[in-house]
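Asker: give me a 3D structure for the following:
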Amino acid sequence: MADLFWPGDERAGDHFTQQDFVGAMLAVEAAWLGREVPVPVVADDLARAAEAGGNPVIPLVEALRRDEPDAHRGLTSQDVLDSALMRMAGSAVADLRADLAVLVDRLAELAARHRDTAMVARTLTQHAVPTTFGFRVAAWLTAVLDADDDLARLAFPQQLGGAAGTRAAMVELGRQVPPDVPRWHTTRAPVTRLGDALAGCTDACARIANDVLVMSRPEVAELAEGVGGGSSTMPGKANPTLSVLVRRAALTTPQLAATLHLAAAQQVDDRADGGWHAEWATLRDLVRRTLVAASQTLDLVSGLRVDTERMAATLAAAGDAVLAEQRTMAEAAGHEPAPSYLGDAGAYVDAVVARARRSPHDPTPEEQR
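Answerer: Numbers count the residues shown, from 1 in each chain. As a prediction, this is how the structure comes out:
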């Protein structure tokens, strides 16, 4: 699905499109009914009919019952809609993690390749001490691994509570609901945890994009995107477009996650009057923007050009200023400064690369103890 307002939106595929939403709601209804149900309405028609009752489940059920009189019996609109959102979210997160898995591999390769590539570290925009580009990439990789860990911990529960969460109609009908199916009508942790994990992904992607934006400035020129974006007026200009678009996502997703928290805080009675409704489009934008950002970050890292000579020249030009701390520490320790001032940067790179290459099922070093 292309979107002029969000270039690259088609990278998110069919996730959280209107048709995906209809399909997920029908899947919930079919699972409850115990058999396949027809597709009784076109998504656009359903969208137009949804305003009257405030949600799309009401007109969907009306259409379903023309052929299936028992459809939806015992459920409420929120059961279907929340369960559909979780179905869509589970599928989207699976695809997101697939992209992140490839990104982790590319970053691990890059970190290992540049484990000892010397460059100047920068703090508060100024030269600090020597470091390595591998160390910088290992920091990127750590952020992506942490974000993926948060995604892996997500749950995508059904919603089966009936009109007010008491399951009264289900009990009356004699329908058995597994005891482990939660009731989260007004307890929205599944939604806010999802939002936080998605925003964490764009945080991690922006960590990479921001460095590329700074380090690809002509006056720095240590990195460059593989294929720069053009300009409508300046021939030959190569803009770091992927980095710009990833940063764009990270500037907007925290507010979307905050909206989910605000909606959770506005829950009242046994179904919120507006708080619940605010989640749907917010989740759509958050999911799709995160998928797009992860895909663009993967392309960014895959095509990244590293100018090691420029890194070395910048470090050399910094002169003794970047070794001032070393001289102070060596004097305090009572010995001459060592030939290198990189601390255990290499060991950190090795540890992060090992974490990236460890199977999710392998025990951690802490667990092995």
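Asker: ok, residues contacting stretch 248-267?
Answerer: 186-189, 191-192, 194-196, 198-199, 202-203, 205-206, 209, 272, 274-276, 278-279, 282-283, 285-286, 289-290, 292-293 (C-beta atoms under 8 Å, 6 or more residues apart in numbering). Just so you know, the C-beta spots here come from the backbone N, C-alpha and C atoms, and that holds for glycine as well.
Asker: looking at these, which are in helices?
Answerer: If you go by DSSP state H, these have 189, 191-192, 194-196, 198-199, 202-203, 205-206, 209, 279, 282-283, 285-286, 289-290, 292-293 in helices.
Asker: so where do the strands sit in the stretch 201-350 of the chain?
Answerer: 223-224, 305-306 (DSSP state E, counting those that start in this stretch).
Asker: shouldn't residue 101 be within a strand?
Answerer: No. Residue 101: not assigned to a strand; according to DSSP: H, G, I helix; E, B strand; the rest coil it is helix.
Asker: report how many residues lie close to it.
Answerer: Using other C-beta atoms under 10 Å, the number of residues around residue 101 comes to 14.
Asker: leaving out sequence neighbours, find the closest residue to it.
Answerer: residue 148 (7.7 Å; C-beta to C-beta, 6 or more residues apart in numbering).
Asker: same deal with residue 67?
Answerer: Using C-beta to C-beta, 6+ apart, the closest residue to residue 67 is residue 38 (5.8 Å).
Asker: before we move on, what about residue 226?
Answerer: Using C-beta to C-beta, 6+ apart, the closest residue to residue 226 is residue 303 (2.3 Å).
Asker: which residues are in contact with that neighbour?
Answerer: 225-227.
Asker: could the residues you listed go into TSV alongside pLDDT and neighbour count?
Answerer: Shown next, in TSV, are those (pLDDT from 0 to 100; neighbours: other C-beta atoms under 10 Å):
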residue	pLDDT	neighbour count
225	95	22
226	93	12
227	84	13
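Asker: got a markdown table for those, with distance to residue 99 too?
Answerer: Conversion of these to a markdown table gives the following (distance: C-beta to C-beta, whole Å):
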| residue | distance to residue 99 |
| --- | --- |
| 225 | 18 |
| 226 | 17 |
| 227 | 19 |
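Asker: still on that earlier bit, can you say which of the ones in helices among the contacts of stretch 248-267 are buried?
Answerer: Neighbour-count burial (16 or more other C-beta atoms under 10 Å) is assigned, among those, to 191-192, 194-196, 198-199, 202-203, 205-206, 209, 279, 282-283, 285-286, 289-290, 292-293.
Asker: which ones among the contacts of residue 303 are found in helices?
Answerer: Among the contacts of residue 303, no member falls in helices (DSSP H).
Asker: ok, those vs residue 162, which is closest?
Answerer: residue 225 (52.8 Å; C-beta to C-beta).
Asker: verify the stated contact: that closest one with residue 302.
Answerer: No. Judged on C-beta atoms under 8 Å, residue 225 makes no contact with residue 302 at a distance of 10.4 Å.
Asker: pick the most buried one from the strands of the stretch 201-350 of the chain.
Answerer: strand 223-224 (a mean of 20; mean count of other C-beta atoms under 10 Å).
Asker: quick one: list the elements packing against it.
Answerer: helix 189-215, strand 305-306 (3 or more C-beta pairs under 8 Å, 6 or more residues apart in numbering; DSSP states H and E).
Asker: partner strands of the shortest one, with direction?
Answerer: Strands adjacent to strand 305-306 in the sheet, as given by DSSP bridges, are strand 223-224 (antiparallel).
Asker: pull the residues that contact the strand it pairs with.
Answerer: By C-beta under 8 Å, 6+ apart, strand 223-224 touches 211-212, 215-216, 238, 240, 304-307.
Asker: now render the residues you listed as JSON lines, adding distance to residue 64.
Answerer: Shown next, in JSON lines, are the contacts of strand 223-224 (distance: C-beta to C-beta, whole Å):
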{"residue": "211", "distance to residue 64": "51"}
{"residue": "212", "distance to residue 64": "50"}
{"residue": "215", "distance to residue 64": "56"}
{"residue": "216", "distance to residue 64": "54"}
{"residue": "238", "distance to residue 64": "54"}
{"residue": "240", "distance to residue 64": "50"}
{"residue": "304", "distance to residue 64": "50"}
{"residue": "305", "distance to residue 64": "55"}
{"residue": "306", "distance to residue 64": "57"}
{"residue": "307", "distance to residue 64": "61"}
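Asker: which of these are buried?
Answerer: Using 16+ other C-beta under 10 Å, the buried members of the contacts of strand 223-224 are 211-212, 215-216, 240, 304, 306-307.
Asker: where in the protein is pLDDT low?
Answerer: 230-235, 359-369 (pLDDT under 70).
Asker: swap the cut-off to 80 and go again
Answerer: For the chain, the stretches with pLDDT under 80 are 1, 228-237, 359-369.
Asker: residues in contact with the residue lying closest to residue 22 once chain neighbours are set aside?
Answerer: Ranked by C-beta to C-beta, 6+ apart and with sequence neighbours excluded, the top spatial neighbour of residue 22 is residue 43, at 5.0 Å. By C-beta under 8 Å, 6+ apart, residue 43 lies in contact with 18-19, 21-22.
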